[in-house]
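A.B. asks: Just a sequence and a predicted model for now, questions to come.
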Amino acid sequence: MIDARTRQFLKLLLVLFCSTTFIYSQASWGITTLAGYNFNSGSDLVKRNNFLLSLDGEFEYTFKMENREASFLIRAKPETYSLPNDLKTLRLKGRVNYHQKEERYTWGVNLVRLYHIYDGKNFNLNYDIFILSADATCFFIPDNPFTINFGYTYQTTKDGFEQNLDFLFIDGKLFTQFDYFKLGYGFYLERFGVDYEQLQPFDFKDSNNGWRIGPQVVLNYLKNWIFRVEYRFLIHQSPLTESTSYDQWIRLLAGKIIFNDLSAFILVDYYSRNYKLNGSASEVFPLLYSPIDQENNLYLKIEYDLNDLFSVYVRSGYSKENFFVNDLSFSGWNVLLGLSIGN
């Protein structure tokens, strides 16, 4: 059920849509199927080695007129591990954006709703995530755009308990161009709060709050191949952690079109946290900050375009997803064959 905050924002977006006479619209869609073998090396959520089947569907509609653009997107990604099903996952996503270009800057508002379900034999976990943000890109210094993104995020996690995480964030970067390189550097600031409630096997309620702040850097290279790397290092401060606590996040994307119809890409996602706790782990753990995206990935993907509509690819790599429940994780290596159809 949509809460009052979401309804109010959707009404605002509807007003923006209706106040603009769009002269261009475009629909894009895509469906991807993946099948292969997963060599599990993590917890006992699934068998040691298992069959993986995945389906990923996405639809986006975009409206444009001169200096205005609005879009909405829906996406669904169900997955199953092993036959019969040892673990089933479902990721749902809805997004609405509105952006407008002015003479020396652009601005926009964004609404994202995510719902993730993990259903296993002895494990059931649901994530419900709401993200409301605004962004702007300013061109007050020639060839040195400054971007800022700020907003509010709310995350609810349930599995025989309920953990609510909400935070306000500001993300700012200044970009500089060097030939084919673009360098961005800036800061990230976040104020978070965590509420936790458990009724079984005993009553337990508590809360925690704190700050995450630190530098970040982005490097883009685009010529005859693509290279992008992002790095963020954040000091973590809360009543449950000592001053030397921190977390860091790295994302790397590299790719090259080998022939007209053949391309290869490498994706690396790495997240780690080093929290030094003031109390015992059993009492502190459910109150710790738990990021929305805690997946670590290392993938190589080779794709061949059969035509403008169809493509086939091979994807192989390592994935690890962390859950804060009892420090649970799910990880493994996999080799998958995929087929994509879309415009």
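C.D. replies: Right, received. Where do you want to start? What you are looking at is a predicted structure, and each value in this text was computed from that prediction instead of being measured.

A.B. asks: Okay, now the unreliable bits of the stretch 101-250 of the chain?
C.D. replies: Judged by pLDDT under 70, the stretch 101-250 of the chain has its weakly predicted residues at 122, 199-202.

A.B. asks: let's go with 90 and repeat that
C.D. replies: Residues of the stretch 101-250 of the chain meeting the criterion pLDDT under 90: 102-105, 116-127, 139-144, 156-163, 177-181, 196-208, 222-226, 240-244.

A.B. asks: All the strands of it, in order from the start?
C.D. replies: Using DSSP state E, counting those that start in this stretch, the strands of the stretch 101-250 of the chain run over residues 105-120, 123-138, 146-158, 161-178, 181-198, 204-222, 226-237, 246-257.

A.B. asks: correct me, but I302 touches F259?
C.D. replies: No - counting by C-beta atoms under 8 Å, I302 stays clear of F259, with 11.5 Å between them. For every residue, glycine as well, the C-beta is placed using N, CA and C.

A.B. asks: about what we covered before: kindly reformat the strands of the stretch 101-250 of the chain as JSON lines and extend each row with distance to T32 and mean neighbour count.
C.D. replies: As requested, these are arranged in JSON lines below (distance: least, C-beta to C-beta, whole Å; neighbours: other C-beta atoms under 10 Å):
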{"stretch": "strand 105-120", "distance to T32": "18", "mean neighbour count": "17"}
{"stretch": "strand 123-138", "distance to T32": "22", "mean neighbour count": "17"}
{"stretch": "strand 146-158", "distance to T32": "26", "mean neighbour count": "17"}
{"stretch": "strand 161-178", "distance to T32": "29", "mean neighbour count": "16"}
{"stretch": "strand 181-198", "distance to T32": "29", "mean neighbour count": "17"}
{"stretch": "strand 204-222", "distance to T32": "25", "mean neighbour count": "16"}
{"stretch": "strand 226-237", "distance to T32": "20", "mean neighbour count": "17"}
{"stretch": "strand 246-257", "distance to T32": "17", "mean neighbour count": "16"}
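
A.B. asks: returning to what we had before: quick one: which of I302 and F259 has more around it?
C.D. replies: Legend: neighbour count by other C-beta atoms under 10 Å for I302 and F259, higher for I302 (14 against 8).

A.B. asks: Now do the contacts for that one.
C.D. replies: 262-264, 313-315 (C-beta atoms under 8 Å, 6 or more residues apart in numbering).

A.B. asks: residues touching Y118, list them.
C.D. replies: Residues in contact with Y118 (C-beta under 8 Å, 6+ apart) are 87-89, 124-126, 323.
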